[in-house]
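1. Sequence plus the predicted model coming up.
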Amino acid sequence: MTQVHRTLEMTSSTASASNASVDAGENGVCEDAMEHPHEMNTASPSNVNEGDTAKKVYAVSVRWEREQVERARQSSEPHGPVRSKQPMLTFTIEDFHRYFCCCARRVGTMFFLLEKRDGTPIVVAGPCWPFCTFVTVPLIVVLSGLVGYLIVLNPKSGLPSWFAAIYFSIIAIVLVVLFLVSCRDPGLLERVTDEEAADNGWFWNEQVGSYRPAGAMYCRECQALIYDFDHLCPWTGTAIGKGNMKAFKTFVVSVNVLCYLSIGLVVYLVLTRIT
């Protein structure tokens, strides 16, 4: 009987100790959440995939992040409403995003088509990439191609043979620079802690719930903070900031050279036909 009493006492003491440790752990988590509210919201599910906690977390719209979390919660509900496996067409820009960028990581309305292991983007598609792909590129290729075929390569035009090399080289430069503008990181900013922001003298931004430097601005179309944000260019399909400003200026110069050169060739053809 004495041995039985001792066993019961040891079992009850072990259970009480385990309950106390659980309570202490829960209280510790609550206290940490109260003392560091910003750190609890730093890692967002939209920016950090499961198992990829080392990836960079960018300062994107808080509203967009909430929508992504709510959408993920609804899709994971076992007793949620029955949905068709194939999503319905909405005939909006979201259809392009859904079918053409389905494998890309979405950060705001930017799509990381290719990135490093730490989350640094290598190839990025901006929010207006369909306009750039289906309007800007065809305009450059089709119009300049017609001028090149009907005038530059026409033996009856009287142009020297070396002129064709110059003209088509300009077309290639325009397309390459357009790619560098459209598919480069415009200057997305990462989320920072309160200590880092205080040391650098950054300002609080309400849209993204994070701090920003003096030169950064919030882009509504990209739904993210961009360093040295200038404007959103639909012709290039993305925002223009510190990361692609030099390439954008080169694109503007080269596309103007191509445009005026093509107009000059058309005028030259008309005048030669008249004479």
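-> Structure's in. What do you need? Numbers count the residues shown, from 1 in each chain.
2. In the chain, where is pLDDT below threshold?
-> When residues are selected by pLDDT under 70, those of the chain lie in 1-54, 75-104, 274-275.
3. ok, which stretches of it are strands?
-> With strands called from DSSP state E, the chain shows them at 105-107, 110-115, 121-125, 203-205, 210-212, 216-219, 224-227, 231-233, 238-240.
4. Please list all residues in contact with I173.
-> Contacts for I173 were tallied using C-beta atoms under 8 Å, 6 or more residues apart in numbering; they are S254. The C-beta positions use only the backbone N, C-alpha and C, and glycine is treated the same way.
5. let me redo that: D185
-> T120, P121, V124, G243, N244.
6. Now list the buried members of those residues.
-> Buried residues within the contacts of D185, defined by neighbour count using 16 or more other C-beta atoms under 10 Å: P121, V124, G243, N244.
7. Now tabulate those residues in TSV and tack on distance to V267.
-> Below are these laid out as TSV (distance: C-beta to C-beta, whole Å):
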residue	distance to V267
P121	43
V124	39
G243	38
N244	34
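8. List just the nearest of the contacts of D185 to G264.
-> N244 (29.4 Å; C-beta to C-beta).
9. Quick check, that closest one in contact with P186.
-> Yes. With contact defined as C-beta atoms under 8 Å, N244 and P186 form a contacting pair (5.2 Å).
10. which residues are common contacts for those two?
-> Counting by C-beta under 8 Å, 6+ apart, the contacts common to N244 and P186 are T238.
11. Show me where this structure has its helices.
-> Taking DSSP state H, the helices of the chain run over residues 2-35, 37-40, 62-76, 93-100, 129-131, 137-147, 161-182, 194-200, 245-274.
12. Who are the contact partners of L175?
-> Contacts of L175 (C-beta under 8 Å, 6+ apart): V137, I140, V141.
13. Emit the ChimeraX select command for whichever of the residues you listed are buried.
-> The buried residues among the contacts of L175 can be selected in ChimeraX (16+ other C-beta under 10 Å) with this line:
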select :137,140
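14. my read: A247 touches V177, true?
-> Yes. The pair A247 / V177 is scored as a contact, 5.8 Å apart, by C-beta under 8 Å.
15. what's the closest of the contacts of L175 to W64?
-> V137 (27.9 Å).
16. what sits against the closest one?
-> Counted by C-beta under 8 Å, 6+ apart, V137 has contacts L175, L178.
17. I'd like to know how far it sits from R63.
-> With distances taken as C-beta to C-beta, to the nearest Å, V137 is found 32 Å from R63.
18. Repeat that for L178.
-> 31 Å.
19. So for those two, which residue has more residues nearby?
-> The residue with more neighbours, out of L178 and R63, is L178; 23 against 12, by other C-beta atoms under 10 Å.
20. Excluding sequence neighbours, find me the nearest residue to the more buried one.
-> F251 (5.6 Å; C-beta to C-beta, 6 or more residues apart in numbering).
21. What of V266?
-> Per C-beta to C-beta, 6+ apart, closest to V266 is V147, 6.7 Å.
22. what does L265 give?
-> I151 (4.8 Å).
23. Equivalent analysis for I226, please.
-> Nearest to I226 is G241, by C-beta to C-beta, 6+ apart, at 4.2 Å.
24. how many other residues sit next to the one you found?
-> Count around G241 with other C-beta under 10 Å applied: 27.
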